[in-house]
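K.L.:
Quick one: sequence and predicted model below, then my questions.
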Amino acid sequence: MGAQELQRVFRTFSDPTRVRLLALLEREELAVQELMEVLGMAQSRVSRHLAILREAGLLHDRRDGTYVFYRLATDQAAIWNQTWALVKENLKGDATAERDAAALVRVMESRAARTRSFFDSVGPEWDAVRKVFNDDALRARAVSRLIDPGLKVADIGTGTGILAIELARLGVSVIAIDHSARMLDAARAKIAAEQGLSIDLRHGDVSALPLSDGEVDAALAHMVLHYLPSPGDAIAEMARVVGPGGRVIVVDFVSHQNEWMRQELGVTWLGFSADEVAGWFERIGLLDYNRQEHEGLSSGRDLPATFIASGRRPS
Ligand SMILES: C[S@@+](CC[C@H](N)C(=O)[O-])C[C@H]1O[C@@H](n2cnc3c(N)ncnc32)[C@H](O)[C@@H]1O
């Protein structure tokens, strides 16, 4: 390590705005707009400091349609990690850092609130909206991974309960969860119309599932991840609620460019790359990772490819 490199490290960390940015981007992957909101700063200032941090190799960026999201890189040279650890240690109890952390919580909550209000306004009409997905085949593939009767499965983000009902018909014991009261009402009505079918409906958020540790044999999120503020954290929460050897299964879109889905379907993310999904499963130690991709189904509109990814909690 030369003196020049050392000087560069300290120069980079010497600016308080850059330190605030790094502290936020270590917690969450954020867009410039969200960083502006948390820091209360203009775009030019935020972008200038992001450029310096990126140049130093401290940030990773990821494009999601027309948005770019940033997060702290974890693969930089040791001196950067060591210096950052020192800076962080000295930020404990810092009033600005605490204000930023609180503002970040509000930004993340507003991501979730946007989704909830979208589904609260759509309610039972979702069944008509979702026809655009033409996804019966997709659903059947996901279901076929779980058909062992007697299994206890959490259908997370159950929506109008279509998948939960299919599973229950197969003899699976289903706990169906959603954070939108209106979607749950729609699911309740649909389940009531099914003769003798019993499904445990629970109101709750993926970030803190209304399930105890290891309560189910499998947790499934079908077309839900692309609505979540922090999809990787959701997978970790799903892993918490499955017992040893239990499965976590997600079905979602592969990265795509269909910006219309943001406006018309209220999605937060335009799908996910294979590396991203594998990283989430790997980070929390799920085994037997498997991911299969399926071509986008056509329904008069270009639909993105989908994937089914699964992993197993160690026994
Ligand atoms: C696209 S729908 C999918 C519904 C169902 N899984 C299906 O495939 O038919 C997404 C569902 O996830 C729910 N959802 C979104 N974010 C959620 C969260 N943070 N916690 C719980 N449910 C959520 C929405 O309310 C909505 O019902």
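P.N.:
It's in.

K.L.:
ok, W280 touching I235?
P.N.:
Yes: counting by CB atoms under 8 Å, W280 touches I235, with 4.7 Å between them. Using the backbone N, CA and C atoms, a C-beta is placed for each residue, glycine as well.

K.L.:
got a pLDDT number for A3?
P.N.:
A3 carries a pLDDT value of 86.

K.L.:
Tell me which residues touch it, please.
P.N.:
Contacts for A3 were tallied using CB atoms under 8 Å, 6 or more residues apart in numbering; there are none.

K.L.:
separation between it and Y289?
P.N.:
According to CB to CB, to the nearest Å, A3 stands 44 Å off from Y289.

K.L.:
can you tell if stretch 223-243 touches the ligand?
P.N.:
Yes: applying CB under 6 Å from any ligand atom, one finds stretch 223-243 in contact with the ligand at M223, V224, Y227, L228.

K.L.:
Between the two ends of that stretch, how far is it?
P.N.:
The first and final residues of stretch 223-243 sit 23 Å from each other (CA to CA, to the nearest Å).

K.L.:
buried stuff in that stretch?
P.N.:
Buried residues in stretch 223-243, counted by 16 or more other CB atoms under 10 Å: 223-242.

K.L.:
Below-threshold pLDDT in the protein: ranges please.
P.N.:
1, 132-138, 297-300 (pLDDT under 70).

K.L.:
from memory Q43 sits against M36, does it?
P.N.:
Yes: the criterion here is CB under 8 Å, and Q43 meets it with M36 at 5.8 Å.

K.L.:
Compare these two (neighbour count), which wins?
P.N.:
Between Q43 and M36, counted using other CB atoms under 10 Å, the more crowded position is M36 (17 against 11).

K.L.:
Name the helix or strand for the more buried one, please.
P.N.:
Element membership of M36 [criterion: DSSP states H and E] is helix 32-39.

K.L.:
which helices and strands does that helix pack with?
P.N.:
Contacts defined by 3 or more CB pairs under 8 Å, 6 or more residues apart in numbering; DSSP states H and E place helix 32-39 against helix 16-27, helix 43-55, strand 67-72, helix 95-122.

K.L.:
and if we set it to 7 Å?
P.N.:
Taking 3 or more CB pairs under 7 Å, 6 or more residues apart in numbering; DSSP states H and E as contact, the helices and strands that helix 32-39 lies on are helix 16-27, helix 43-55, helix 95-122.

K.L.:
what does that helix rub up against?
P.N.:
The contact list for helix 32-39 (CB atoms under 7 Å, 6 or more residues apart in numbering) reads R20, L21, L24, A42, Q43, V46, S47, D100, A103, L104, V107.

K.L.:
Need those in JSON lines (columns: distance to the ligand).
P.N.:
As requested, the contacts of helix 32-39 are exported to JSON lines (distance: CB to the nearest ligand atom, whole Å):
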{"residue": "R20", "distance to the ligand": "27"}
{"residue": "L21", "distance to the ligand": "26"}
{"residue": "L24", "distance to the ligand": "21"}
{"residue": "A42", "distance to the ligand": "31"}
{"residue": "Q43", "distance to the ligand": "28"}
{"residue": "V46", "distance to the ligand": "27"}
{"residue": "S47", "distance to the ligand": "30"}
{"residue": "D100", "distance to the ligand": "23"}
{"residue": "A103", "distance to the ligand": "20"}
{"residue": "L104", "distance to the ligand": "17"}
{"residue": "V107", "distance to the ligand": "15"}
